[in-house]
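1. Need coordinates for the below:
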Amino acid sequence: MNKNIYIVLLSILSAINLFGTIAAKQSYTPRLKGLAQYVDPYIGTGDHGHVFVGVNVPYGAVQLGPTQYSQGWDWCSGYHISDSIIIGFSHTHLSGTGIGDLGDISFMPAIGEIKLTRGNLRDEKSGIYSKYSHKNEIVKAGFYSVHLDRFNIDVALTATKRVGFHQYTFPESKNAKIIIDLEHGIGWDTPTETYLVQENDSVVSGYRFTRGWAKDQRIYFSATFSKPMKKFIVSDTTSIKSGNTIKVAKAYGQAIFETNNKEKIYVKVSISPVSIENAKLNMKIELSSWNFDQAVTNASNNWNEALNKIAIVTDNKNLMHSFYTALYHTMIAPSLYCDVNGDYRGTDGKIYRNVSFTNYTTFSLWDTYRAAQPLMTLISPEMIPDIANTFLKINNEQGKLPIWHLMGNETDCMVGNPGTIALADIVLKGYKVDNEAAFQAMKKSQLLDEYGLKYMKQYGYIPCDKQDESVSRALEYAIADWSTAQIAKKLNKTDDYNYFIKRSKAYTYYFDPETKFMRPKLLNGKFKTPFDPLRTQDEKGVKDFTEGNAWQYTWLVPHDINGLVSCFGSRESFIQKLDSLFIVKEKLGTEAPPDISGLIGQYAQGNEPSHHILYMYAYVGQQWKTAEKVREVLHKFYSSRPAGLSGNEDVGQMSAWFVLSAMGIYQVVPAGGVYVFGSPLVNEATLKVKDGKTFKIIAHLNSKKNIYIQRATLNGKNYTKSYINFTDIMAGGVLKFEMGSTPSHTFGMNKADRP
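-> Numbering: from 1, shown residues only. Sure, this is the predicted structure:
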C-alpha cells in the first residue's frame with residue numbers, strides 16, 4: 001500500500017466518532033493521543049447515574065449545559081436520557097449527586113413572544129421550553145450541540161475554566177431573542193435575590209443569589225454578545241419593567257435581535273463567586289477571542305491532555321469508551337471556586353483577595369475519599385497541595401474540615417468526617433502541606449460535639465437511642481480517628497496518637513460475636529433488639545445505618561481489617577461470612593433507599609461503603625477471590641450504555657472505582673497509599689505520575705478467562721506481595737502481572753505478602 005494512502009486511512013480511522021464502528025479488531029495504544037474521542041457523556045445519563053451533560057474543562061468552574069424541563073431525583077444534574085425538553089442552558093451543574101442544586105444563569109434562545117415561565121407540557125406556548133430530539137444532539141468532551149425544534153434554532157456550546165461560550169444559529173426573524181433566566185435552576189433551590197443590568201448594547205451583567213442545598217449561594221456573571229442588541233427588556237415573573245436594570249427575586253432579561261437566515265450570534269458568559277468586575281476579568285483573561293471553533297479545539301485539547309495522564313492498551317473498543325468516560329467523570333469536580341486573580345468567597349461569607357493557592361469547591365467527600373481522591377493523588381499531583389490548602393482555609397472559616405462542601409457552603413451531607421481522612425491521605429503521601437496545621441484541623445474536627453461525636457468522646461461509641469444512623473456514623477468516625485492517629489504518629493504526638501487510635505476501635509463495640517454482624521448498641525451497653533441484618537431501619541422507622549444495612553456495614557473497617565478478622569474469632573470464620581455476603585439472596589426491606597443498588601447477594605456496588613469489600617480477601621491470603629469478584633463487578637455493573645453505572649456517579653467516585661480497578665489496583669485503607677491488587681481489565685496502563693515519571697502496569701496474557709494473577713514482577717524483579725505502596729508507584733517503573741485461568745493459591749498467600 002502507498003505510504004501516504006496508509007497514513008490518510010489511519011487518520012480517518014482515528015477520527016471516527018464514538019458512535020462509529022471499526023470492523024477490524026485492533027489494539028488501542030498509548031500513542032493514540034486523542035483520547036477525548038472515547039468520552040461518551042451519555043454513559044450514566046440513564047437509570048440513576050445522574051451525570052452532568054454539557055461542556056466544561058477539567059475541574060472548571062463552569063459546567064455549561066442543558067437544563068431539562070423535568071425535575072426530581074433523577075434530574076439532580078438537570079439531565080436524564082429519558083427526557084427531550086429543554087428550558088435553558090445554564091452555567092453550573094452537579095454530576096452524579098443524590099441531591100440537586102445549581103443550574104445558575106440560564107440562557108435560552110427563542111423566536112417571537114415567549115411566556116417567561118415553566119409552562120405546562122400540554123401547551124408548548126405556555127412557557128419558555130422547547131422540545132428536541134437526541135438524534136439532533138451531539139455530546140462530546142468540550143462540545144455540545146442541539147437543535148431546538150420549537151424555535152428552529154441550533155445551539156452549540158463550549159467552555160473555558162470560568163467562561164461559557166454559546167453559538168446560536170437563528171432563522172430569519174425580526175424578533176429573535178436570547179432570554180436570560182435567573183429564576184429557574186435545577187429545581188432544588190429558591191432564588192432569594194437576582195439582578196440584571198444592561199451596560200451597553202452588547203453587555204449584560206448581574207447575579208443570582210439562592211437558598212438550596214447550598215444555603216447561601218452567590219454567583220455573579222457578565223455576558224457579552226457578538227452582535228449589538230436592538231433592545232433589552234427586563235421583567236420579573238409578573239410583568240415587563242421600565243429601564244434596563246432590575247433587582248428582584250426572579251429576574252428575566254430579553255436581548256432582542258433582528259436576524260438573517262442561518263445567522264450566528266455568539267455569547268460569552270463569565271462567572272465569579274465574588275463580583276461582576278471579577279467575572280469581566282475572568283473573561284478578559286480566559287476568552288478574549290470570538291473564534292468559537294478555536295475555543296472548541298482548546299477545550300478538546302484540555303481534555304486530551306488530562307485524559308493522557310493514563311494511557312491504556314486493550315483490544316476492546318467499548319472498554320475504551322467506558323474507561324475514558326469514567327476518567328472524564330472523575331475530572332468534573334472538585335471545581336474551581338476562585339477568580340483568575342485568586343479572589344474567592346469564603347464559607348464565612350468574607351471575600352478573600354489574591355490568595356496564593358487555587359481554591360476549589362464541590363467536595364463530595366463521603367464518596368470521594370474512598371477512590372476518587374486516591375486516584376487524584378496518583379495522576380494529578382500538581383493539584384493536591386491546593387486541595388489541602390483549600391481544606392485548611394475551609395477549616396479556618398467554618399471551624400472544621402469540610403464534609404460536603406458546595407459553592408462556599410457546608411452542607412453537612414452524609415456522616416462522619418471524611419475531610420479528615422482525605423487530608424490525612426495527602427499528608428501521609430508526603431505532599432507539601434503544613435503538617436502541624438493539618439493535624440490541628442483534624443484534631444479539632446474530631447473533637448467537636450456535633451452529630452454524635454460527643455458520644456464518641458464519652459463512651460467510645462454512639463448509642464442508637466441517642467443518635468440516628470449511629471452505627472454508620474461511628475464506623476466513619478473511627479476511620480477518621482485512625483487517620484488522625486497516623487498524623488499524630490508522624491509528628492511524634494504520642495498522647496494524641498494513643499487517644500485517637502483507641503477511638504478508632506469503635507467498631508468493636510458494635511460487633512456481635514454471636515450473629516457476626518455490626519449491630520446498633522443502646523446507651524446501657526446492650527444490643528438493640530429486635531435485629532434484622534437485612535433492614536435499613538427498625539420497625540419504628542429509626543435508621544441505624546446510612547443507606548445500607550448490617551450486611552453491608554459489617555465490613556466498614558478498612559483501616560483495621562486484621563482487627564476485624566480477630567472479631568470473627570478466626571480467619572476461616574471471617575472468610576465464611578465474607579463469602580456469604582455475595583450469596584444471600586433475601587430482599588431488602590421495602591423502606592430501603594434506591595441508593596442500595598448494584599447488588600450481588602447483599603454486596604452493593606452502587607453505594608460507596610461497599611467499594612473496598614471485594615479487596616478484603618487479599619488481607620486473608622485469598623487474593624484470587626478478590627480477582628473473581630472484581631472482574632464480576634467490572635463486567636456486570638459498568639458498560640458503555642446510558643445505564644452504564646449501577647448507582648449515582650457521586651461526583652466521580654463510582655467512576656474512580658472503575659478506573660483503579662480496571663488497572664488492577666485499589667486503595668483499601670483510605671489514608672496512606674496501600675493499593676491492593678485485583679484483576680486488571682486492561683492489558684496495559686501507563687500512568688503519568690510525579691516529576692515526569694511514568695508507572696506502567698502490564699497484564700500479560702490477560703483475557704476474559706485469564707483473570708487470576710499467577711505471579712508479578714516490579715522493575716524486572718520477582719514481586720510476591722498482593723499490594724503496592726504509593727511511594728513505589730510514584731517512583732516510576734513497571735509492574736507486570738502474569739495472568740492465568742486458574743486461581744493461584746500461592747500469590748499473596750504468605751502473611752508477609754498480604755496488605
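2. can you list the domains in the chain?
-> With domains defined by automatic domain parsing, the chain comprises 3-37, 38-288, 310-753.
3. So for the first one, mean pLDDT?
-> Okay, so that is domain 3-37. Averaged across domain 3-37, pLDDT comes to 43.
4. What is the longest helix of this protein by residue count?
-> helix 470-490 (DSSP state H).
5. list the buried ones in that one?
-> 470-489 (16 or more other C-beta atoms under 10 Å). Just so you know, the C-beta spots here come from the backbone N, C-alpha and C atoms, and that holds for glycine as well.
6. starting at the chain centroid, how far to stretch 678-697?
-> 21 Å (C-alpha atoms, centre = their mean, to the nearest Å).
7. whoops, stretch 396-408 was the one
-> Distance, centroid of stretch 396-408 to centroid of chain: 18 Å (C-alpha atoms, centre = their mean).
8. number of nearby residues for the nearest residue to I379 once chain neighbours are set aside?
-> Nearest residue to I379 in three dimensions, chain neighbours excluded: K309, at 4.2 Å (C-beta to C-beta, 6 or more residues apart in numbering). Per other C-beta atoms under 10 Å, the neighbour tally for K309 reads 18.
9. Show the contacting residues for the closest residue in space to L701 that isn't next to it in sequence.
-> Of all residues not flanking L701 in the chain, M739 sits nearest, at 4.8 Å (C-beta to C-beta, 6+ apart). Contact analysis of M739 by C-beta atoms under 8 Å, 6 or more residues apart in numbering lists P680, A699, H700, L701, N702, S703, N706, I707, Y708, I709, Q710.
10. Would you mind listing which of those are buried?
-> The neighbour-count criterion (16+ other C-beta under 10 Å) marks P680, A699, H700, N702, N706, I707, Y708, I709, Q710 among the contacts of M739 as buried.
11. Closest one of those to D544?
-> I707 (36.8 Å; C-beta to C-beta).
12. Ranking helices and strands of the chain by mean pLDDT, which lands last?
-> Using mean pLDDT, DSSP states H and E, the weakest-scoring helix or strand in the chain turns out to be helix 3-15, at a mean of 36.
13. Just give me the neighbour total for N718.
-> 8.
14. Same question for N261.
-> 10.
15. Just to check, it is in contact with P171?
-> Yes - taking C-beta atoms under 8 Å as the definition, N261 is a contact partner of P171 at 5.7 Å.
16. picking that back up, partner strands of the helix or strand encompassing the residue nearest to L701, with direction?
-> Element membership for M739, per DSSP states H and E: strand 733-740. Using DSSP bridges, the strands paired with strand 733-740 are strand 694-700 (parallel), strand 708-714 (antiparallel).
17. Just after the last one, pick out the following helix or strand.
-> If you walk from strand 708-714 toward the C-terminus, the next helix or strand you reach (DSSP H and E) is strand 717-719.
18. Check which strands are paired with that following strand and give the direction for each one.
-> Note on strand 717-719: by DSSP bridges, its sheet partners are strand 708-714 (antiparallel).
19. can you dump the C-alpha coordinates of the partner strand into CSV?
-> The C-alpha coordinates for strand 708-714 follow below in CSV (Å, rounded to 0.1, in the frame of the first residue of the first chain):
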residue,chain,number,x,y,z
TYR,A,708,-6.1,-14.5,38.1
ILE,A,709,-2.6,-13.1,38.9
GLN,A,710,-0.1,-16.0,38.9
ARG,A,711,3.0,-14.0,39.7
ALA,A,712,4.3,-10.5,39.4
THR,A,713,7.5,-8.5,38.9
LEU,A,714,8.3,-5.0,39.8
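20. Now it: average pLDDT?
-> On average, strand 708-714 scores 98.
21. what's next to it, contact-wise?
-> Counting by C-beta under 8 Å, 6+ apart, 623-624, 627-628, 677, 679, 718-720, 722, 724, 728, 733-744, 747-748 sit against strand 708-714.
22. same thing but at 7 Å, please
-> 623-624, 627, 677, 719, 728, 733, 735-740, 742-744, 747 (C-beta atoms under 7 Å, 6 or more residues apart in numbering).
23. Over to stretch 721-735?
-> Residues contacting stretch 721-735 (C-beta under 7 Å, 6+ apart): 378, 429, 618, 623, 665, 673-677, 689-690, 693-698, 712, 714-715, 747-748, 753-755.
24. Now do K516 against W551, distance only.
-> From K516 across to W551, the span is 11 Å (C-beta to C-beta, to the nearest Å).
25. Chain neighbours aside, what residue packs nearest to the residue most central in space within the chain?
-> Nearest to the mean C-alpha position of the chain, counting by C-alpha atoms, centre = their mean, stands V651 at 1.6 Å. Nearest-residue entry for V651: S364, 3.8 Å, with adjacent residues in sequence omitted and distances by C-beta to C-beta, 6+ apart.
26. Show the contacting residues for that neighbour.
-> T97, W404, D650, V651 are the contacts of S364 under C-beta under 7 Å, 6+ apart.
27. in the stretch 401-550 of the chain, which spans are helices?
-> Along the stretch 401-550 of the chain, the segments classed as helices by DSSP state H, counting those that start in this stretch run 418-428, 435-446, 453-459, 470-490, 494-503, 507-510, 550-553.
28. how about the ones you listed in CSV, adding mean pLDDT?
-> Formatted as CSV, these follow (pLDDT from 0 to 100):
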stretch, mean pLDDT
helix 418-428, 98
helix 435-446, 98
helix 453-459, 98
helix 470-490, 98
helix 494-503, 98
helix 507-510, 98
helix 550-553, 98
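29. Turn those into a markdown table, columns for distance to N395.
-> Output for the helices of the stretch 401-550 of the chain, formatted as a markdown table (distance: least, C-beta to C-beta, whole Å):
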| stretch | distance to N395 |
| --- | --- |
| helix 418-428 | 8 |
| helix 435-446 | 4 |
| helix 453-459 | 15 |
| helix 470-490 | 13 |
| helix 494-503 | 17 |
| helix 507-510 | 26 |
| helix 550-553 | 28 |
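30. Can you tell me the SS state at D691?
-> When classified by DSSP: H, G, I helix; E, B strand; the rest coil, D691 comes out as helix.
31. can you redo the strands paired with strand 733-740 as CSV with distance to A36?
-> Shown next, in CSV, are those (distance: least, C-beta to C-beta, whole Å):
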stretch, distance to A36
strand 694-700, 20
strand 708-714, 32
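32. how about those strands, which one is nearest F221?
-> Going by C-beta to C-beta, the one of those nearest F221 is strand 694-700, 40.8 Å.
33. neighbouring contacts of the closest one?
-> In contact with strand 694-700 (C-beta under 7 Å, 6+ apart) are residues 663-664, 680, 683-689, 729, 732-739.
34. and that strand, how far out from the chain's middle?
-> The chain centre lies 26 Å from the centre of strand 694-700; the measure is C-alpha atoms, centre = their mean.
35. hey, where'd the strands end up in the stretch 251-400 of the chain?
-> For the stretch 251-400 of the chain, the strands defined by DSSP state E, counting those that start in this stretch cover 252-259, 263-272, 310-313, 335-336, 344-345, 351-352, 360-361, 363-364.
36. Adding distance to A295 and mean pLDDT, write those out as JSON lines.
-> Below are the strands of the stretch 251-400 of the chain laid out as JSON lines (distance: least, C-beta to C-beta, whole Å; pLDDT from 0 to 100):
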{"stretch": "strand 252-259", "distance to A295": "21", "mean pLDDT": "98"}
{"stretch": "strand 263-272", "distance to A295": "9", "mean pLDDT": "98"}
{"stretch": "strand 310-313", "distance to A295": "26", "mean pLDDT": "98"}
{"stretch": "strand 335-336", "distance to A295": "17", "mean pLDDT": "98"}
{"stretch": "strand 344-345", "distance to A295": "25", "mean pLDDT": "98"}
{"stretch": "strand 351-352", "distance to A295": "29", "mean pLDDT": "98"}
{"stretch": "strand 360-361", "distance to A295": "23", "mean pLDDT": "98"}
{"stretch": "strand 363-364", "distance to A295": "28", "mean pLDDT": "98"}
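37. For the residue nearest to T626 when sequence neighbours are not counted, which residues are in contact?
-> Among residues not flanking T626 along the chain, Y617 sits closest, at 4.4 Å (C-beta to C-beta, 6+ apart). Going by C-beta under 7 Å, 6+ apart, Y617 touches L578, Q623, K625, T626.
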